[in-house]
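Q: the sequence and its predicted three-dimensional model are supplied below.
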Amino acid sequence: MSRRFAHFSVLLLLAAYITDAGADDKAAYDRRAATRDMNLFQSLDRNNDQAVTKLESHGDLDFGPRFDDMDINRDGIVTRAELLRYVEREHGAVTISAGLAARQ
């Protein structure tokens, strides 16, 4: 009985470790994805007006297909505020996006 309990304890600890590692991996992925989206926005904002138009995003295979998801008010322009809301919703990266917005 004691041996079974020891095996069960080891399995339980291993499962907790794997779950925790998975959460860390997800958080790291979300941070990288949020940073990538913010950097992509900056590179597509060719006239530096803190907005990306449909024309500016045309041809970009990463930003373009998600443009309509980011354009909350459907005016054909993704503003920095809309991008921040998108990043927060998709990546849960409130602190990342807020920190990047504060630097701008």
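A: Perfect, I can see it now.
Q: which residues of this protein fall in strands?
A: For the chain, strands defined by DSSP state E occupy the ranges 51-53, 77-79.
Q: what is the mean pLDDT for the first one?
A: Spelled out, it's strand 51-53. Mean pLDDT, strand 51-53: 96.
Q: residue ranges with poor pLDDT in this protein?
A: Residue ranges of the chain with pLDDT under 70: 1-23, 93-104.
Q: distance of residue 40 from residue 24?
A: From residue 40 over to residue 24 the distance is 24 Å, taken as CB to CB, to the nearest Å. In short, each C-beta sits where N, CA and C put it, glycine included.
Q: reformat the strands of the chain as TSV; add distance to residue 85.
A: Output for the strands of the chain, formatted as TSV (distance: least, CB to CB, whole Å):
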stretch	distance to residue 85
strand 51-53	14
strand 77-79	10
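Q: with mean neighbour count and distance to residue 59 added, can I get those in CSV?
A: Listed next are the strands of the chain as CSV, based on neighbours: other CB atoms under 10 Å; distance: least, CB to CB, whole Å:
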stretch, mean neighbour count, distance to residue 59
strand 51-53, 21, 12
strand 77-79, 21, 15
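Q: ok so, going back, residue 40 and residue 24: which is more packed in?
A: More crowded of residue 40 and residue 24, by other CB atoms under 10 Å: residue 40, with 17 against 10.
Q: make sure the more buried one is actually in contact with residue 66.
A: No: Residue 40 lies out of contact with residue 66 (CB atoms under 8 Å); the separation is 9.9 Å.
Q: shared neighbours of those two, which are they?
A: Both residue 40 and residue 66 lack any common contacting residue under the criterion CB atoms under 8 Å, 6 or more residues apart in numbering.
Q: kind regards, and thank you for your time.
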